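Colleague: Pasting a predicted model and its sequence here:
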Amino acid sequence: MDLFDLIGPVMIGPSSSHTAGAARIGLTARMLLGEEIVRAEIGFHGSFAKTYRGHGTDRAVVGGLMGMAVDDPRLRDSLALAQQSGMTVVFSSINIRGAHPNTVRMHITGINGSILQMEAASVGGGNIEVHKLNGLNVDFTGKENTLIIHQTDAPGVIAAVTGALAGQGLNIANMQVYRRKAGADAMMVLELDGVPEDAVLEKIRAANAVQSATFLKRRPS
Amino acid sequence: MDYTLNEWVRLARVGSIAQVAVRCQAEESGIPEEDVRAIMRSHLNCMKEAVQSGLDEKLRSVSGLSGGQAAVFLKRLEEGKLLCGMLLGKAEVYAMATAECNACMGKIVAAPTAGACGILPGVVLAMMEEQNVTEDQAVDALFVAAAVGQSIATQASISGAEGGCQAECGSAAAMAAAALAFLEGGNPQQCVDAAAFAIMNLLGLVCDPVGGLVEVPCVYRNVGASGVAFTAADMVLSGIRCPIAPDEVLLAMKEVGDALPASLRETGDGGCAACPSIRARLHLGAL
């Protein structure tokens, strides 16, 4: 266990789960979308729905969507900053059956028209779990180097991706593959022991049936 | 690297828990030991800044339930009128300032959580100012605290939603007690005994935040738990041994936490959270 999980993170209060975790969820969504966000529909479930104003969960998520980290003092003013920058934000309280009590579901639109739907939970101590991406079930935390690949389910995609990583000598610590149904939309989440080079990412993006590949760098202490 | 309190003591037979903790963290994260220390030093500086922002008398939280109390507390301290004296008094004032800084969306260091973030900084910073503890010693003390926190997190819990406030303010008091014992020259066994005494004194403490917010009673409990840390450290430094194996106290905390009803585990339904006078204030406020 990382000792800086016990003394740390450095964060904007008041709650590691309801504020820091919420900011991380927003920031993860921003990185996954890969472009500036112009519209965000944010649904709060469970304890988040009950207490999001007092904990600043709303400001934290929006701050994260604007690229702010958990210790960024601008998180406090993120709602005003979002308005100034022309970002439309809509909040609602929702109920997702069986979801973790601190769950956010969001639908975000980027400046170039990209769209991302994400469902993630803040599971304590500022740690998060992403549970759904664009309707597909996934399961990752962003604590490790994470490579997220969106592909069409087809033979050879996994071999192409793992082959490209092996070419750089990168070890895969953990790997999950999800698909809606045979031959349909699919997703691959790989946790890596290192950082893939740009050329390797380009090779993966160029592989047959791969629609996108996004790399999230390991979160520092 | 998941060690019990007993294992930390054994590993520290040569040297101190601080040295072992720094070495383990360096090995695990692949960062040189001096950089690991530098991260903790920067956390210590954040703790100082949090105290300063928390002492602002104009500070108020979004709900209106907290802010500005630490400034009131500080005034009495500066007048030399606090019954508990300068050292403990300062620790308590700083603990409250940090907790209020947190409640008002200021920048803090979770230790081990945001809800219990005042106790360890309060105690360590007061020791720096009142007992001539150096920055290097304070950094070492924070590593001792982190080691203890790790044993608690892996054997019991540091989450109020799982284990009640004993897991948050209790754990923080245990970490602070170990840090105090270390700073006063206590050996590794005395450090973990101090941690166990602190938890023993806060065992069963429920997590009952009004409106589900990290404000009432959290801010005030950070103050009380700082006092418990000093009490626990003073006992072991006097030569009193903890009569129960320290790790067993952690397991007892886990058992007690599991036995707590959901209404007393951060749901905002029971305990202080159910008291009508404060609930009324909450509804009159911004929420």
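Modeller: Structure's in. What do you need?
Colleague: so who does residue B:272 touch?
Modeller: By Cβ atoms under 8 Å, 6 or more residues apart in numbering or on different chains, the contact set of residue B:272 is B:208-210, B:216-217, B:278. Glycine gets a C-beta too; all of them are placed from N, C-alpha and C.
Colleague: Now the host helix or strand of residue A:165: average pLDDT?
Modeller: Assigned by DSSP states H and E, residue A:165 falls within helix A:157-167. Averaging pLDDT along helix A:157-167 yields 96.
Colleague: Identify the residues contacting that helix?
Modeller: Helix A:157-167 has contacts (Cβ under 8 Å, 6+ apart) with A:147, A:149, A:151, A:172, A:175, A:177, A:186, A:188, A:190, A:192, A:196, A:200, A:203-204, A:207-210, A:213.
Colleague: Just the buried residues out of the residues you listed, in ChimeraX syntax.
Modeller: One line in ChimeraX is enough to select the buried ones among the contacts of helix A:157-167; burial here means 16 or more other Cβ atoms under 10 Å in any protein chain shown:
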select /A:147,149,151,177,186,188,190,192,196,200,203,204,207,210,213
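Colleague: Just the ones of the contacts of helix A:157-167 in helices?
Modeller: Using DSSP state H, the subset of these located in helices is A:200, A:203-204.
Colleague: Contacts only, for the one residue sitting closest to the centre of chain A.
Modeller: Residue closest to the mean C-alpha point of chain A, counted by Cα atoms, centre = their mean, is residue A:28 at 3.2 Å. Shown in contact with residue A:28 (Cβ under 8 Å, 6+ apart): A:64, A:118, A:120, A:128, A:130, A:142, A:216.
Colleague: The stretch 101-250 of chain B: helices as residue ranges?
Modeller: Assigned helices in the stretch 101-250 of chain B, in chain order: B:119-130, B:135-155, B:160-163, B:169-183, B:188-202, B:218-237, B:246-259 (criterion: DSSP state H, counting those that start in this stretch).
Colleague: Is residue B:91 within a helix or a strand, and which one?
Modeller: If you go by DSSP H and E, residue B:91 is part of helix B:85-103.
Colleague: helix, strand or coil for residue A:90?
Modeller: Following DSSP: H, G, I helix; E, B strand; the rest coil, we place residue A:90 in the strand state.
Colleague: thinking again about what came up before, let's have the helices of the stretch 101-250 of chain B in TSV, adding distance to chain A and mean pLDDT.
Modeller: Compiled in TSV, these are given as follows (distance: least, Cβ to the nearest Cβ, whole Å; pLDDT from 0 to 100):
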stretch	distance to chain A	mean pLDDT
helix B:119-130	7	98
helix B:135-155	4	98
helix B:160-163	7	90
helix B:169-183	7	98
helix B:188-202	13	98
helix B:218-237	8	98
helix B:246-259	14	98
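Colleague: Out of those, which is the most enclosed?
Modeller: Comparing those by mean neighbour count (mean count of other Cβ atoms under 10 Å in any protein chain shown), helix B:169-183 comes out on top with a mean of 33.
Colleague: how many degrees apart are that helix and helix B:85-103 in direction?
Modeller: The directions of helix B:169-183 and helix B:85-103 differ by 140 degrees, with axes from the mean of the first three to the mean of the last three Cα atoms, to 10 degrees as the criterion.
Colleague: Mind pulling up the pLDDT for the residue nearest to the centre of chain A?
Modeller: 96.
Colleague: how far away is it from residue A:115?
Modeller: Residue A:28 sits 16 Å away from residue A:115, going by Cβ to Cβ, to the nearest Å.
Colleague: now residue A:34
Modeller: When distance is defined by Cβ to Cβ, residue A:34 is 12 Å away from residue A:115.
Colleague: How about residue B:211?
Modeller: Distance, residue B:211 to residue A:115, using Cβ to Cβ: 35 Å.
Colleague: just residue A:166 next, same as before
Modeller: For residue A:166, the distance to residue A:115 - Cβ to Cβ - is 33 Å.
Colleague: try residue A:107
Modeller: Counting by Cβ to Cβ - residue A:107 and residue A:115 are separated by 7 Å.
Colleague: How about residue B:234?
Modeller: Distance of residue B:234 to residue A:115, given as Cβ to Cβ: 60 Å.
Colleague: Check residue B:235 too.
Modeller: For residue B:235, the distance to residue A:115 - Cβ to Cβ - is 60 Å.
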